[in-house]
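K.L.:
pasting the sequence and the predicted coordinates here, then a few questions.
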Amino acid sequence: MTFQSKKAWRLQEFAAHGGNVNCLSIGKKTGRVMVTGGEDRKVNFWTIGSPVTMSLSGHNAPVDCVNFDDDEEHIVAGSSSGIIKLWSIEKAQLVRTLSGHKANISALGFHPFSHFLASGSMDTNVRIWDTRRQGCIFTYKGQGGRINCLKFSPDGKWVVTGSEDGTTKIWDLASSKVLHEFKLHQGSVTALDFHPCECLLASASADKTVRFWDLETFELVSVSSNEAKPIRDIIFSPEGNVLLSGAEDSLRVYGWEPSRTLDSLCMFWGKIYDMKIAHNQLISGSFHHTNVSVWVVDLSKIKPFNGDINPIDEGDVPASEHASSVAQPAVTSKVDVTSKELYPVNEAAPRKQSPKERVQSGGAKRTPPLAKRNISCEPKTEVPAHPVSRTPPPARAPRQNPSTPPKVTRSPPQVRRSPPQVRKSSPRTLKNEPEVKQKTPPQVRRSPPLQHWENKNQEENVRAMDKLDLADPKPEVVSITEQGCIKSLMSGHRGVRDNLETRLRNLQYVRSVWNKGDLKRALEVAIDLDDLGVTVDMLQVMQCRPADWDLQICTVALPAIRNLFHSKHENYLFVGRSAGPRTG
């Protein structure tokens, strides 16, 4: 089968780091650059299809999270020590070092058109940084677990976070408060993405589903069918007509109203970590141990990009067809990849249409994602507005009015709302956007959604962010009982409490053996528990009893001491260095 007939293929696989790879990110602007971080404490910058372009050092602990800014001019990387470092790609030098988190950095994201950076950590906190002032301006607390992912809204006014406890929170940057919290996922939230045009949010989870949320009413729109394995990443298409989701063994294309699977490919990419769309191709990266793989999917050969908008039956996708559609070249340490392989010559890069062009074209070649709903963050048509209700109205038959546009065809099971009504502007609307007159041709079901997340007022939003009070907001004075106060304090430290309780049980077990007078057996039990914290506690106690060290104790302790030298905790390294009998 020739290259042109493949739907997906592995572009290259290479050894990226001297230790295990922990994270990677692909540039959003071009899809041709990638950054990786690993256990070797390095951050490597790559041009896809070429050897390493630049290696950045400076972290003193393994790198757990990396990301590009939207212009691909800066790289940010967070380590397991809670330190964040920002580099300039052009100058190849460190620009900023940000500290404040107390645990591993697990998520990073740049503001869409400003100098702000958001970070999430295993300490359950979200911090907003001003990279010009080298300081934290806001700290958001209250997440119930590790922050797995975060993303700024396209207008830059919100930041949304997904955590290990399965909740998704929307934070308003101006008020520093939670606008809403979604709790319906049954597993940890693994990925988030905003619709490029509509007020719609998609969240993926370890429960193997994708959920779509209406950001006007904060209601669930639909849920995807269950995948075979947890979903690791999601991305809306640039036009916003479909959502692509990547699990360890598959790529799926979803529509959401109604919920449907448009296409599915069996993939072999393993731990898929990031996906970007460029030049009508899906560029994705995955890693295994020290190796990184780059994958390409030709979107023009899968639904609905190929013109076929009919959904597939979940059980009727032959595995052989998928397997034959994915090409896997031999693994090489260096691959000579031309731009022709990554971006076919016979296919020009797609150009984004303006809102006016999309309205005039009528979207005849695609089915709009929200053809049966009219979500808008602000009214766009010049017709009288009707009263707004945050509670969706009950389904009823459309009213007969000769002055209204042609009726939208709906099947009864999917009718959830009355015919689309133009809503008044809400407090979270984008301001000063030009009004666009509706020019829907009579034969088209409805015009495609307009650019409600348009960034035409970037300067206004930047000025608004600059006027914010950069000091942490004063806490609200509320009446709370002593029991409620204790519960509130404990909720943010649940993970630490569980770890300490486990440590206590292990130490009690070791002490029971110690009390029997068998020191060698007590040390063996501490090591067999596979908890370095217990081993360190045991060695520290033994340092106070130098007379108890003999050849047998040293033989048992040496392997454990060697493991401490590979630890990322400075205290463990100190104990390992000072452990052992003292002479003279």
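P.N.:
All right, it came through fine. Numbering: from 1, shown residues only.
K.L.:
low-confidence stretches in this protein?
P.N.:
Segments of the chain classed as low confidence (criterion: pLDDT under 70) are 1-5, 52, 134, 313-480, 484-485, 487-495, 582-584.
K.L.:
what segments of it are helices?
P.N.:
Shown for the chain, the helices assigned by DSSP state H span residues 319-325, 339-342, 355-361, 458-466, 482-491, 494-514, 519-528, 532-543, 551-564, 570-578.
K.L.:
count of residues packed around Asp531?
P.N.:
By the other CB atoms under 10 Å criterion, the neighbourhood of Asp531 contains 16 residues. The C-beta positions use only the backbone N, C-alpha and C, and glycine is treated the same way.
K.L.:
separation between it and Ala522?
P.N.:
Here Asp531 is placed at a distance of 14 Å from Ala522 (CB to CB, to the nearest Å).
K.L.:
do the same with Pro546
P.N.:
Counting by CB to CB, the gap between Pro546 and Ala522 amounts to 17 Å.
K.L.:
these two: which is more packed in?
P.N.:
Just comparing Pro546 and Ala522: by other CB under 10 Å the higher neighbour count belongs to Ala522, 21 against 11.
K.L.:
next up, the contacts around the more buried one.
P.N.:
Counting by CB atoms under 8 Å, 6 or more residues apart in numbering, Ala522 makes contact with Val510, Arg511, Val513, Trp514, Met538.
K.L.:
in PyMOL, how would I select the buried members of those residues?
P.N.:
Buried residues within the contacts of Ala522, by 16 or more other CB atoms under 10 Å, are selected in PyMOL with:
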select buried, resi 510+513+514+538
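K.L.:
want to throw the contacts of Ala522 into a markdown table with distance to Arg10?
P.N.:
Listed next are these as a markdown table, based on distance: CB to CB, whole Å:
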| residue | distance to Arg10 |
| --- | --- |
| Val510 | 49 |
| Arg511 | 53 |
| Val513 | 52 |
| Trp514 | 54 |
| Met538 | 47 |
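K.L.:
bridge partners for Leu98, pull those for me.
P.N.:
Legend: beta-bridge partners of Leu98 under DSSP bridges are Ile84.
K.L.:
give the burial count for Leu500, as a bare number.
P.N.:
12.
K.L.:
do you know how far Lys271 is from Pro230?
P.N.:
From Lys271 over to Pro230 (counting by CB to CB), the distance is 11 Å.
K.L.:
what about those two, which has more around it?
P.N.:
When neighbours are counted by other CB under 10 Å, Lys271 and Pro230 differ, and Pro230 comes out ahead with 16 against 13.
K.L.:
ok, the more buried one touching Val210?
P.N.:
No - between Pro230 and Val210 there is no contact under CB atoms under 8 Å: 11.2 Å.
K.L.:
got a list of what the residue nearest to Glu181 when sequence neighbours are not counted touches?
P.N.:
Distance criterion CB to CB, 6 or more residues apart in numbering; nearest residue to Glu181, sequence neighbours excluded, is Lys169 at 5.0 Å. Applying CB under 8 Å, 6+ apart to Lys169 gives the contacts Gly142, Gln143, Val160, Thr161, Ser163, Val178, His180, Glu181, Phe182.
K.L.:
quick one: buried ones out of these?
P.N.:
Neighbour counting over the contacts of Lys169 (16+ other CB under 10 Å) leaves Gly142, Gln143, Val160, Thr161, Ser163, Phe182 as the buried ones.
K.L.:
look at His575 and say how many residues are nearby.
P.N.:
Quick fix: residue 575 is Val, not His. The number of residues packed around Val575, counting by other CB under 10 Å, is 21.
K.L.:
name all residues that make contact with it.
P.N.:
Residues near Val575 by CB under 8 Å, 6+ apart: Val536, Leu539, Gln540, Leu564.
K.L.:
hang on, the earlier thing: which among the buried ones among the contacts of Lys169 gets closest to Val126?
P.N.:
Taking CB to CB as the measure, Val126 lies nearest Thr161 of the buried ones among the contacts of Lys169, at 5.6 Å.
K.L.:
contacting residues for that closest one?
P.N.:
Going by CB under 8 Å, 6+ apart, Thr161 touches Ala107, Gly120, Val126, Tyr140, Gln143, Ile147, Cys149, Leu150, Thr168, Lys169, Trp171, Leu192.
K.L.:
quickly note the distance from the closest residue to it other than its chain neighbours to Ile128.
P.N.:
Nearest residue to Thr161, sequence neighbours excluded (CB to CB, 6+ apart): Leu150, at 4.6 Å. Distance, Leu150 to Ile128, by CB to CB: 10 Å.
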